[in-house]
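Chemist: requesting a structural model of the entry that follows:
(chains A and B)
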Amino acid sequence: MHITALLLSRLQFAFTISFHIIFPSFTIGLAAFLTILEALHLATGRPTYRVVFEFWLKIFAVAFGIGVVTGIVMAFQFGTNWSELARVSGPIQGPLISYETFMAFFLEATFFGILLFGRTRVAPWLYLVSTAMVALGTTLSAYWIMVNNSWMQVPTGYALVHGDLVPDDWPQILFNSVVWVRFPHMLLASYLTGAFCVAATGAWYVLRREFNAEARVMLRMGLILAAVLLPIQLFFGHLVGDYVHDRQPVKFAAIEGRWHDEQPAGEVLLAIPDPAAETNHYQIKIPVLGSVIGSLSLHSKEVGLTDFPRADRPPMVIPFFAFRIMVGCGLAMLLLAWVGTYLNLKERLQRHRALLYLIFWSFPLPFVAILTGWFTAEVGRQPWTIYGLLRTADAVTPILATGTASISLVVYCALYTFIGGFGVLFIYRLLRAGPGGRLALPPSSTHGRQPPLGDEPFIATESP
Amino acid sequence: MITFWVAVLALSILLYVLLDGFDLGVGILYGFTRDEGKRRDMMNAIAPFWDGNETWLVVAGVVLWGAFPIIYATLFSAFYIPLVLMLAGLILRGVAFEFRNKALHLRWVWDAAFAGGSLLATFMQGLMVGALVAGLPISHGNYAGGEFGWLSTFSVLCGAGLCLGYLLLGACWLVRKCDGEVQAGAYRLIPALSLIALAVLAAVFIFALRDHLQVLGRWLERPYLFLFPSLGIAAGIGLILSVHRRRELAPFCLVAATFAAAFCTFAISFWPYMIPFSITIDAAAAPHASLAFMFWGEGLFVLPLMLIYTAISCRVFHGKVRSQSDSY
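Modeler: Numbering: from 1, shown residues only, chains lettered A, B, ... in the order given. Predicted structure coming up:
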């Protein structure tokens, strides 16, 4: 393959955004979980909730920090590497991304500071509000990102003026049906990520016979949340599939591995696609199911990839496999969550060590599902950056030299590997050490404010 | 509408320079001490604030994209390498806040990342401002200066100048937030830093004269521009006096005033251009539908909220950092 600035920019974008998405998707779920814990603690006064809260807050801090710094790169990368995209669709995408910054980032940054350093400085109710504000901030951030990405998938509410895409109908851009199936799909994926990480950690401690009270809280809350959310997630996944079927038929055909029109269409479960010969090898296929999934009908005609010129088709192998991995992860999580919740409610989960091991080792599943889901969506949109309007090849910065692009790619790869490696190491150490330690107290209302504790390194105090 | 968004852009850049300026400055100063207690004090003095401060940079970036997409596309692709290096610096120092405490044996790695990242990011910011002042060659709406067109003696001097400016802001912040040895050290540093900063400024001016920078012509056309440097000089004198009298809040405010004066000087000498002498504000502005959409939501309602959040953060974390330098 010929190395060009375009190829390097695509690699860089794919790498930086894949790395970035891991951390926000984890922290969105975790922020919601922290809010529930803090509310439960205030309501019941049970110290276990507080201990679990402090434990996950430390992990949240590491993941959030990495998410913040890698997110700043995203805000600049559209200008450095994709200046034509930034110029052509700037009047629409620019305001959307700016809303994210205005509405979400300040909320997160300010109240996250209070979460980390403010326990001894603010009243308990304000601390709970701060936790909820961080959770709200992460959710708003996800909303604006999904509006922006959905507009790139299905551009709507725009007008073409002198070659630029300018806004024509903002309500249509913000509230169209594609946004309202994709945003919940992403949000649920984040909640599931948080739930599975918490449940897996609980399972680990139960297996190690440590931190019994905290482990049971984690296992119970994580599993129940996952068991409730997973069917809803599958339903929204189906709705996302419907929009792809209607609005991006070529992506749908790639995901389905369908090369030619079929009526009624079969469903390819697994196969080894051969794009050169435009066919599948060793395929396992169920007749008629393709029509049922695509159009809820027993005899609908479903289109194949060969209906579209080669220049307009995505690199079919990636969305085809990515989609199957995502669905596989989802089904495995559903099974684990339901069986685990059932046994847990019957108080028998502690004895099933094999299942506990499975739950422990299931923590990568939601991350894999999110990444492969995004690969399906983004690679499936190719060769377009803005579907049907702007090709990726035309979106790249025209003055970008191959050498310059390779410098930034190397810098980002080295840097992200470095901080990612240490970040994962530190999170692992925190998890291994488990919950515990002394708890900082909120300010007492009677005589001034409590002095901070000595073992908290970063607590500022009042001047006397 | 256009005027409103120019004002927001100017506000966010100024706030960014003042706010992230002090924590980047503290980050650079951090590299000059080996004392663990002092280092902790210095980090404590900025830890609750840096994330919010840095967000003003993102605000400036996205306001550019939303309101002036042509500038965003042209400027950011022109400053490709400086921006990548600046982001690398910001990433390294950003993760160091959390990572440093968690490291067992490799704490020095994160100390180096914190100080080095702060220095790198600051230097690149100053360098880009310098290159912008010197003038970016633009043809057919694209940057045409080559991969290293932003690199010149002038821009490097500007990079060094900004490092000194942020160091001053950082030292004044430490005066305000710390006591004991850290505060005393910061007080001692300020006069020396001011002198070096003055020398670098003079050098920048001499190079500007030597290169016949187009910006200088502006000064002859608009003599009222000299008001702002005069204000800056007045604030500088006030700074030395306030340090002499060991005031705690005044030095920071006076350095901030100097920065504001310098910022106004730049802004007014550029007006009405956004990229000096090739792209004007009006030519760069997004269509009315974009600006209005941003105005009626984020401009009118969210922007005041953001300022309130910043104020809340300062309110909650007001007062001195507990000195730890004595206990080690």
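Chemist: hey, let's count contacts and neighbours off CA atoms from now on
Modeler: Fine.
Chemist: report the contact partners of residue A:113.
Modeler: Neighbour list for residue A:113: B:48-49, B:313 [criterion: CA atoms under 8 Å, 6 or more residues apart in numbering or on different chains].
Chemist: list phi and psi for it.
Modeler: When read as degrees, to the nearest 10, the backbone of residue A:113 gives phi -60, psi -40.
Chemist: now do residue B:92 against residue A:115, distance only.
Modeler: Distance, residue B:92 to residue A:115, using CA to CA, to the nearest Å: 23 Å.
Chemist: ok, those two, which is more surrounded?
Modeler: Legend: neighbour count by other CA atoms under 10 Å in any protein chain shown for residue B:92 and residue A:115, higher for residue B:92 (28 against 22).
Chemist: looking at the stretch 251-400 of chain A, what residue ends up closest to chain B?
Modeler: The minimum distance from the stretch 251-400 of chain A to chain B, using CA to the nearest CA, falls at residue A:397 (6.8 Å).
Chemist: list the beta-bridge partners for whichever residue of the stretch 151-300 of chain A sits closest to chain B.
Modeler: Here the residue of the stretch 151-300 of chain A nearest chain B is residue A:167; by CA to the nearest CA that distance is 6.3 Å. Beta-bridge pairing for residue A:167 (DSSP bridges): residue A:158.
Chemist: again, but for residue A:272
Modeler: residue A:281.
Chemist: residue ranges of the helices in the stretch 151-300 of chain A, please?
Modeler: Counting by DSSP state H, counting those that start in this stretch, the segments of the stretch 151-300 of chain A that form helices are A:170-175, A:177-208, A:212-247, A:249-256, A:289-295.
Chemist: I'd like the distance between residue B:116 and residue B:8.
Modeler: Distance from residue B:116 to residue B:8, by CA to CA: 31 Å.
Chemist: helix or strand next in line after the least confident helix or strand in chain B by mean pLDDT, which one?
Modeler: Of all helical and strand segments in chain B, the minimum by mean pLDDT, DSSP states H and E falls on helix B:214-221, at a mean of 77. Per DSSP states H and E, helix B:214-221 leads on to helix B:227-244 as the next helix or strand towards the C-terminus.
Chemist: show me what that next one is packed up against.
Modeler: helix B:180-210, helix B:250-270 (3 or more CA pairs under 8 Å, 6 or more residues apart in numbering or on different chains; DSSP states H and E).
Chemist: so residue A:230 makes contact with residue A:332?
Modeler: No - at 10.5 Å, residue A:230 does not count as touching residue A:332 under the criterion of CA atoms under 8 Å.
Chemist: more neighbours: which of these two?
Modeler: residue A:230 (22 against 13).
Chemist: now the residue of chain A found nearest chain B: which helix or strand?
Modeler: Per CA to the nearest CA, residue A:94 is where chain A lies closest to chain B, at 3.6 Å. In this assignment (DSSP H and E), residue A:94 forms part of helix A:90-100.
Chemist: tell me the mean pLDDT over that helix?
Modeler: Helix A:90-100 carries an average pLDDT of 92.
Chemist: and what of stretch A:352-359?
Modeler: Stretch A:352-359 comes out at a mean pLDDT of 88.
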